[in-house]
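>>> Kindly return the folded structure for what I paste below:
(2 chains)
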2 protein chains.
Amino acid sequence: MSEFRRNSLTGQWVIFAENRDSRPQEIAIRQSALENFECPFCEGREERTPGETLAVRDPTSRRDGPGWRVRVVPNLFPAVGGGEHAKPQAAEGNTTAAGGLHEIIIESPRHLTSVTQLSAEQFAQVLDVYRQRLAALRQDGRYKSVALFKNSGTMGGATLSHVHGQLIAIESSASIFADRTPAFREQFQRYGNCLICEEIREEASRDGRLVAESEKFLVYCPHASRFAYEMWIVPRKHQSSFDQIDPAQLPELADLFRGMLVKLEAIVKLPAYNYIVQTGGFDTLADNHYHWHIEILPRITNLAGLELGSGCFINSILPEKAAAALRNA
Amino acid sequence: MSEFRRNSLTGQWVIFAENRDSRPQEIAIRQSALENFECPFCEGREERTPGETLAVRDPTSRRDGPGWRVRVVPNLFPAVGGGEHAKPQAAEGNTTAAGGLHEIIIESPRHLTSVTQLSAEQFAQVLDVYRQRLAALRQDGRYKSVALFKNSGTMGGATLSHVHGQLIAIESSASIFADRTPAFREQFQRYGNCLICEEIREEASRDGRLVAESEKFLVYCPHASRFAYEMWIVPRKHQSSFDQIDPAQLPELADLFRGMLVKLEAIVKLPAYNYIVQTGGFDTLADNHYHWHIEILPRITNLAGLELGSGCFINSILPEKAAAALRNA
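Residues are numbered from 1 along each chain as shown, chains lettered A, B, ... in the order given. Model (predicted):
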């Protein structure tokens, strides 16, 4: 079992997961002996991962065999939940066992390394798998909070290049995943509205930071973008959690989302990035005041001493200029 | 003029400094044409930097010429303060001009790339320059808060390899550099003691996370270390700001501090790291409840989607094991 620890000076939470050092380091070994590296996520190597939780399969294929399009498996090197771990010492108030689950969403049976290599249809299917897993975990009842994200490229923290997303659900209080919902709850209680609904009204009314829009979604570079070319994809209509999305809207979302990554690749060659599906917790009804969205965070420069020491980011491109470049890409 | 922007959803601050894209990218160009790169920090190239703010010099040398041991200059590509920048629009409530100062502390006249290549005496002189600059900026009266740090290695966010520290002082409210002093103030007001004084008592009383100690200082891996081999150097006696240190203690501190980086280099080959001198703000008397310390943050893996999306870090090495490895290094 992993464990969570909290820094009492800063409130900062950390997950300790010792097993993760054993992960296959494909990207790190690339220069030397990559020809000998066998990707555990490729079709035909299903026995290299734990048995699947969910898969989009040909009707004739069998569980944990080939013949799938998207496949969800428990992470063999989980950050939370699995494995044995030193028991938290009772004396340490700011320590708690890290109960939870860590899954990998393998987004193609082929060894593709960018989401933009997926067809729009395949990417819509990936998003539908995200939706289904969130819905199932909410239904499960054991989990309070979830992180759903992708690491792409070495600078983005990826260790395997095969396209995949990650989902970490935790049983402990939502505040471990520094919860954004309280600000939304407070806004709703004070002013009766939603922070992102307000932001959309502002961003949609002028094109300064707006990058693209479709019937149901907007994309803009946020006012206080932490990263160059940071983009947020936001549903126009208030909706707290990604698993509440009408599946009929997924093709539209997939098309817009994939288009933004194509634009990013037009500006930055082989970009590293993270994207995060920010969604309400499973905890309380009050999370209905949250407004789900997707954050695309390009990782062009490394975070440095200022960011880690003060929490304040430096960005050398104003979002107004980033948005103009992305619109024209 | 750069600008600060605040994300109203998260409270996150960002500095926008467009000029910084023009910085010389020595480390990025290393593979191709580094032989042609002339380091602007080397002795004899003083005209490549703005005129010095402070220097430790041979008595016979002249200002902004050769003959120095440590040299402080304004950053040619400042994150705050210098240069022209679009005026913040009045309509944007969460925007403010980024008044302040950004300095580079060049820590050797020679092209050394690690602090461990400095003599203990030279490193003590570097720390004394840190102390002097903090004292002068406090005296100046224009600044509210300061960040003092080093980026070392590409993963640490460095763009030039010549050993140097950085100092960013801002005129705006201390909360932009996510101020840790409120937690200390609250602790003092409630319980009459200091959070770090308490922590020292606990860490010193058992050797689980203790790495080294000297007469006046302790080094330990903190309970909730965000990074593998993270180390904090803490003065035993309560002292709020680094510029209050008795200069007679600097050789002892330099020896201990440099020794910790030597240990880190024994465990990790060519480690990238940041170190941060966490010191009280210049703002109020209440900052006396803070306890200055130095955080050494090794950068072995990149921060990824979980950290950026949730604020929660993953660390694969428990501080108890990291401390044991460092003690034996």
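
>>> which residues in chain A form helices?
A:26-33, A:120-140, A:181-191, A:195-204, A:250-267, A:305-310, A:319-328 (DSSP state H).

>>> Looking from chain B, tell me which residue of the stretch 51-200 of chain A is nearest.
A:G157 (2.6 Å; Cβ to the nearest Cβ). No exception for glycine: its C-beta is placed from N, CA and C like everyone else's.

>>> Relative to B:R190, how far out is that residue?
Using Cβ to Cβ, to the nearest Å, A:G157 is found at 38 Å from B:R190.

>>> The two: which has the busier surroundings?
A:G157 (22 against 8; other Cβ atoms under 10 Å in any protein chain shown).

>>> what about the closest residue to A:C197 other than its chain neighbours, how many residues close to it?
Once flanking residues are discounted, A:C197 sits nearest to A:H238: 5.5 Å by Cβ to Cβ, 6 or more residues apart in numbering or on different chains. When neighbours are defined as other Cβ under 10 Å, A:H238 has 15 of them.

>>> Then the one 3 residues further on?
With neighbours defined by other Cβ under 10 Å, the count for A:S241 comes to 22.

>>> What score does it have for pLDDT?
A:S241 is assigned a pLDDT of 93 by the prediction.

>>> try A:P24
The model's pLDDT for A:P24 equals 65.

>>> just the strands in chain A please.
A:3-6, A:13-16, A:54-57, A:68-74, A:95-97, A:100-106, A:145-152, A:164-170, A:210-213, A:217-220, A:231-235, A:273-278, A:293-298, A:313-315 (DSSP state E).

>>> any idea how far the last one is from the chain center?
Averaging C-alpha positions (Cα atoms, centre = their mean, to the nearest Å) puts strand A:313-315 21 Å from its chain's average.

>>> Pull the residues that contact it.
Here strand A:313-315 makes contact (Cβ atoms under 8 Å, 6 or more residues apart in numbering or on different chains) with A:225-228, A:230, A:303-304, A:306-307, B:12-17, B:20, B:79.

>>> repeat for the fourth one
With Cβ under 8 Å, 6+ apart as the test, strand A:68-74 has contacts from A:43, A:46, A:49-58, A:61, A:82, A:101-109, A:122, A:125-126, A:129, A:133, A:167.

>>> then that strand to PDB, C-alphas only?
Provided in PDB are the C-alpha atoms of strand A:68-74 (Å, rounded to 0.1, in the frame of the first residue of the first chain):
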ATOM      1  CA  TRP A  68      -9.400  -4.300 -29.200                       C
ATOM      2  CA  ARG A  69      -9.400  -0.600 -30.000                       C
ATOM      3  CA  VAL A  70      -9.200   0.900 -26.500                       C
ATOM      4  CA  ARG A  71      -8.100  -1.000 -23.400                       C
ATOM      5  CA  VAL A  72      -8.200  -0.100 -19.700                       C
ATOM      6  CA  VAL A  73      -5.900  -2.000 -17.400                       C
ATOM      7  CA  PRO A  74      -4.700  -1.500 -13.800                       C
END
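
>>> ok, back up a step: can you select the buried ones among the contacts of strand A:68-74 for me in PyMOL?
The PyMOL command for the buried members of the contacts of strand A:68-74 (criterion: 16 or more other Cβ atoms under 10 Å in any protein chain shown) is given here:
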select buried, chain A and resi 43+46+49+50+52+53+54+55+57+82+101+102+103+104+105+106+107+108+109+122+125+126+129+133+167
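
>>> quick revisit: now the strands of chain A in JSON lines, with distance to A:F184?
Converted to JSON lines, these look like this (distance: least, Cβ to Cβ, whole Å):
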{"stretch": "strand A:3-6", "distance to A:F184": "23"}
{"stretch": "strand A:13-16", "distance to A:F184": "20"}
{"stretch": "strand A:54-57", "distance to A:F184": "29"}
{"stretch": "strand A:68-74", "distance to A:F184": "29"}
{"stretch": "strand A:95-97", "distance to A:F184": "25"}
{"stretch": "strand A:100-106", "distance to A:F184": "23"}
{"stretch": "strand A:145-152", "distance to A:F184": "14"}
{"stretch": "strand A:164-170", "distance to A:F184": "20"}
{"stretch": "strand A:210-213", "distance to A:F184": "22"}
{"stretch": "strand A:217-220", "distance to A:F184": "18"}
{"stretch": "strand A:231-235", "distance to A:F184": "13"}
{"stretch": "strand A:273-278", "distance to A:F184": "11"}
{"stretch": "strand A:293-298", "distance to A:F184": "12"}
{"stretch": "strand A:313-315", "distance to A:F184": "22"}
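
>>> so can I have a markdown table of these showing mean pLDDT?
A markdown table is the format used below for the strands of chain A (pLDDT from 0 to 100):
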| stretch | mean pLDDT |
| --- | --- |
| strand A:3-6 | 76 |
| strand A:13-16 | 79 |
| strand A:54-57 | 98 |
| strand A:68-74 | 97 |
| strand A:95-97 | 78 |
| strand A:100-106 | 95 |
| strand A:145-152 | 95 |
| strand A:164-170 | 95 |
| strand A:210-213 | 96 |
| strand A:217-220 | 97 |
| strand A:231-235 | 97 |
| strand A:273-278 | 97 |
| strand A:293-298 | 97 |
| strand A:313-315 | 90 |
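
>>> circling back: rank the helices of chain A by pLDDT, which is bottom?
When I compare those, helix A:26-33 is least confident, with a mean of 54.

>>> from memory A:R226 sits against B:I15, does it?
No. Taking contacts as Cβ atoms under 8 Å, A:R226 lies outside contact range of B:I15: 10.2 Å.

>>> closest one to B:Y290 among the strands of chain A?
strand A:3-6 (19.7 Å; Cβ to Cβ).

>>> The nearest residue to A:S172 once chain neighbours are set aside pairs with what?
Spatial nearest neighbour of A:S172, excluding adjacent residues (Cβ to Cβ, 6+ apart): A:T96 at 5.8 Å. Per DSSP bridges, the residues bridged to A:T96 are A:F4.

>>> re earlier: more neighbours: which of A:R226 and B:I15?
B:I15 (26 against 21).

>>> Quick check: the residue of the stretch 201-329 of chain A nearest chain B.
Counting by Cβ to the nearest Cβ, the stretch 201-329 of chain A gets nearest chain B through A:A304, at 2.6 Å.

>>> residues contacting the residue nearest to the spatial centre of chain A?
Closest residue to the average C-alpha location of chain A: A:F149 at 1.3 Å, with Cα atoms, centre = their mean. A:F149 makes contact with A:165-166, A:274-277, B:304-306, B:309, according to Cβ under 8 Å, 6+ apart.
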